[in-house]
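Visitor: I need the structure of the sequence given here:
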Amino acid sequence: MNLEKLQYYSKPTLRIAMSLLFLYFGFQQITSPGEWIGFVPNYVLSTGIEAQTVIMLNAILELGLGTLMLMGLYTRAASLILALHLFGIAFSIGLNPLGIRDLGLAIATLVIFFNGSDRFCLDKRIGK
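Guide: From the prediction side, this is the model:
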């Protein structure tokens, strides 16, 4: 396989893979919110909002924006919001394996924002 062919699929592969990751985590939060309570930062809980409410709102955000990114609708907006969201999570968690992993995922999602819509996005097809 030549390099040009690999580059043809690199942008949509990253977008789809990251979308599936957000959809997976959003679905897990909806189906098993109790397993995510420990990840809600104390500063959020200090506002009086219940942990399960935060988890459900986060799940809705990740499912909604993950779906948009998967379809390639509002690709830049969805990826920017998700990248900023992940940067917030990574910095909240700190310098440990989970925080570093989330930092890497945030950077990958930011690359999707920088790339914009790829040739398989509905953004491209609707815009024509």
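
Visitor: for L14, what are its contacts?
Guide: Shown in contact with L14 (Cβ atoms under 8 Å, 6 or more residues apart in numbering): 108, 111-112, 115. Using the backbone N, CA and C atoms, a C-beta is placed for each residue, glycine as well.

Visitor: Please flag which of the residues you listed sit within helices.
Guide: Using DSSP state H, the subset of those located in helices is 108, 111-112, 115.

Visitor: tell me which helix or strand of this protein sits lowest on mean pLDDT?
Guide: Lowest by mean pLDDT, DSSP states H and E among the helices and strands of the chain is helix 122-127, with a mean of 86.

Visitor: any residues touching it, and which ones?
Guide: Under Cβ under 8 Å, 6+ apart, the answer for helix 122-127 is 71-75, 117-118.

Visitor: List the buried residues in it.
Guide: Residues of helix 122-127 classed as buried by neighbour count (16 or more other Cβ atoms under 10 Å): D123.

Visitor: Make residue 1 into 14 and carry on from there
Guide: In the new count, where the first residue is 14, that last one comes out as helix 135-140.

Visitor: Distance of G112 relative to S105?
Guide: Noted for G112: a distance of 8 Å to S105, by Cβ to Cβ, to the nearest Å.

Visitor: I should have written L99 there, sorry.
Guide: Distance, L99 to S105, by Cβ to Cβ: 10 Å.

Visitor: neighbour count winner among the two?
Guide: Ranked by neighbour count (other Cβ atoms under 10 Å), L99 and S105 place L99 first, with 24 against 15.

Visitor: My guess is the more buried one contacts L118. True?
Guide: Yes: counting by Cβ atoms under 8 Å, L99 does reach L118; the two are 5.5 Å apart.

Visitor: thinking again about what came up before, can you put the contacts of L27 in CSV and add pLDDT, distance to F38 and neighbour count?
Guide: CSV is the format used below for these (pLDDT from 0 to 100; distance: Cβ to Cβ, whole Å; neighbours: other Cβ atoms under 10 Å):
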residue, pLDDT, distance to F38, neighbour count
A121, 98, 14, 17
V124, 98, 19, 15
I125, 98, 16, 26
N128, 95, 22, 17
